[in-house]
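K.L.:
My questions are about this predicted structure, shown below with the sequence.
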Amino acid sequence: MENYFAKFSAFGSFAPAKILTNQDLEKIVDTTDEWIRTRTGMVERRMASKEEAASDLAYQAALNAIEASKVKYKEIDMIIVATISGDHAFPSTSCILQHKLGLKNVPAFDLSAGCTGFIYACDVANQYVRNGQARNILVVGVEILTKITNWTDRNTCVLFGDAAGAAVISRAEPTDISKIIDTKIDADGSMGDYLIQMAGGSRLPASAETVEANQHTLTMEGNRVFKSAIKSMYASSDELLKRNNLSSADVDWVIPHQANLRIIEALADKMKVPLSKVIINIQKYGNTSSATVPLAIDEAIRKKKIRRGDILLLTSFGAGLTWGSILARY
Ligand code: UT7
């Protein structure tokens, strides 16, 4: 087995046009702009139209990432889509995306790790590039959670938005400054019920009764997830830094999952990283699950905040429960 390094060649993102504000939500459930802002940091989020499915958002984000990467379409040799709200239960959204992109005969598969999906997918892509089996992998995190939201549950319906973020992960040449330094993914299935879409799978197949009971929508024990989020993102980030003889002071940008501003602030505090070094866009998009991290990075690159050579720490957590981090020089 040959052993190479992988790098992030480029990022891309896409969010649907429709904006749903906190004021809009005030008209749907018993909530207030003040509660949402102070408890989550969210101000508005995007919402897919009736016609838009996950692969449509993924396609636009992928186009942006591929264009920015300068990698030719024919040089892409694998597609991984991280999603829990794909177009269909099957076929995979990645196969639909492969067809839309006009790519033939490249392996394509979906990966389910909730909001940690993009981190998991990058971890997998990193292994394929490192062992020489792939040279350029398209990784997408895409979610349309507004279509599996219970719009009568104020505990969850104010939190989520729709978007896609993509990256092209390529083999790093020996002269490249960019490389994925290290990755770490983790899971604890004993906490699976904290964040779950109960019906629609083989445990509880979709039926008129499950739809009537809203069991095809997501439910979350927010408080329990909150506590484990800070602990788990800190643990994997800390381990990555330690085993690479780095400290948080060496990191130029922390890009955390955007689930709650209070979680982001607590994590930054625990890591002793000033908020000026943390990429935050939760106010604009809410929680877009597996899309938050690549969407935040792509925006920061386009705003020329993140630059080539910067040390990045990506970290996320979500359904599973799952969590993980990536340390990379962009
Ligand atoms: O992406 C990965 C998974 N997701 C997360 O990471 C989310 C993690 N959890 C959270 O971000 C927070 O737990 C929430 C934002 C979901 C909730 O915030 P909280 O501070 O943990 O609130 P809570 O659940 O403890 O609820 C406090 C109160 C409750 O009222 P009572 O029982 O004290 O009278 C809720 O009913 O706030 C109430 N509440 C609301 N009030 C107005 C809950 N949702 C709302 C709402 N508007 N939208």
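P.N.:
Sure thing, it's come through.
K.L.:
would you list every one of the strands in the stretch 51-200 of the chain?
P.N.:
Along the stretch 51-200 of the chain, the segments classed as strands by DSSP state E, counting those that start in this stretch run 78-82, 108-111, 136-144, 162-172, 179-187, 195-197.
K.L.:
tell me the most buried of these?
P.N.:
Across the strands of the stretch 51-200 of the chain, the average number of neighbours (mean count of other Cβ atoms under 10 Å) peaks for strand 136-144, which reaches a mean of 32. C-beta here means a position set from N, CA and C on the backbone, and glycine is covered the same way.
K.L.:
is it true that residue 188 touches residue 320?
P.N.:
Yes: at 7.2 Å, residue 188 counts as touching residue 320 under the criterion of Cβ atoms under 8 Å.
K.L.:
neighbour count winner among these two?
P.N.:
The neighbour comparison of residue 188 against residue 320 (other Cβ atoms under 10 Å) goes to residue 320, with 21 against 12.
K.L.:
Find the residue closest to the more buried one in space, skipping its chain neighbours.
P.N.:
Excluding its sequence neighbours, the residue lying closest to residue 320 (Cβ to Cβ, 6 or more residues apart in numbering) is residue 187, at 5.0 Å.
K.L.:
so the one you found bridges to which residues?
P.N.:
Under the criterion DSSP bridges, residue 187 forms beta bridges with residue 322.
K.L.:
Let me see the contact set for it.
P.N.:
By Cβ atoms under 8 Å, 6 or more residues apart in numbering, the contact set of residue 187 is 113, 320-323.
K.L.:
repeat that with 10 Å
P.N.:
Applying Cβ atoms under 10 Å, 6 or more residues apart in numbering to residue 187 gives the contacts 113-114, 116, 120, 232, 320-324.
K.L.:
re earlier: got TSV for the strands of the stretch 51-200 of the chain, with distance to the ligand and mean pLDDT too?
P.N.:
Formatted as TSV, those follow (distance: least, Cβ to the nearest ligand atom, whole Å; pLDDT from 0 to 100):
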stretch	distance to the ligand	mean pLDDT
strand 78-82	13	98
strand 108-111	16	98
strand 136-144	10	98
strand 162-172	13	98
strand 179-187	14	97
strand 195-197	6	96
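K.L.:
can I get those in TSV with distance to residue 6?
P.N.:
Output for those, formatted as TSV (distance: least, Cβ to Cβ, whole Å):
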stretch	distance to residue 6
strand 78-82	12
strand 108-111	17
strand 136-144	8
strand 162-172	5
strand 179-187	5
strand 195-197	30
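K.L.:
right, and those strands - which one's nearest residue 61?
P.N.:
With Cβ to Cβ as the criterion, residue 61 lies closest to strand 162-172 of the strands of the stretch 51-200 of the chain, at 3.8 Å.
K.L.:
How far does the closest one sit from its chain's centre?
P.N.:
Put simply, strand 162-172 sits 10 Å off its chain's centre (Cα atoms, centre = their mean, to the nearest Å).
K.L.:
ok, how many other residues are close to the nearest residue to residue 201 once chain neighbours are set aside?
P.N.:
Among residues not flanking residue 201 along the chain, residue 89 sits closest, at 7.9 Å (Cβ to Cβ, 6+ apart). By the criterion of other Cβ under 10 Å, residue 89 has 10 neighbours.
K.L.:
show me what contacts residue 89?
P.N.:
So residue 89 contacts 200-202, 206 (Cβ under 10 Å, 6+ apart).
K.L.:
Repeat that for residue 146.
P.N.:
16, 18, 20, 45-48, 85, 157, 160-162, 286, 288.
K.L.:
Next: residue 118.
P.N.:
80-83, 111, 139-143, 165-167, 257, 289-295, 297, 314, 316, 318, 324, 326.
K.L.:
if we can go back for a sec, mind checking how far the residue nearest to residue 201 is from the ligand?
P.N.:
Counting by Cβ to the nearest ligand atom, to the nearest Å, the separation of residue 89 from the ligand is 22 Å.
K.L.:
what's the answer for residue 325, then?
P.N.:
From residue 325 to the ligand the distance is 15 Å (Cβ to the nearest ligand atom).
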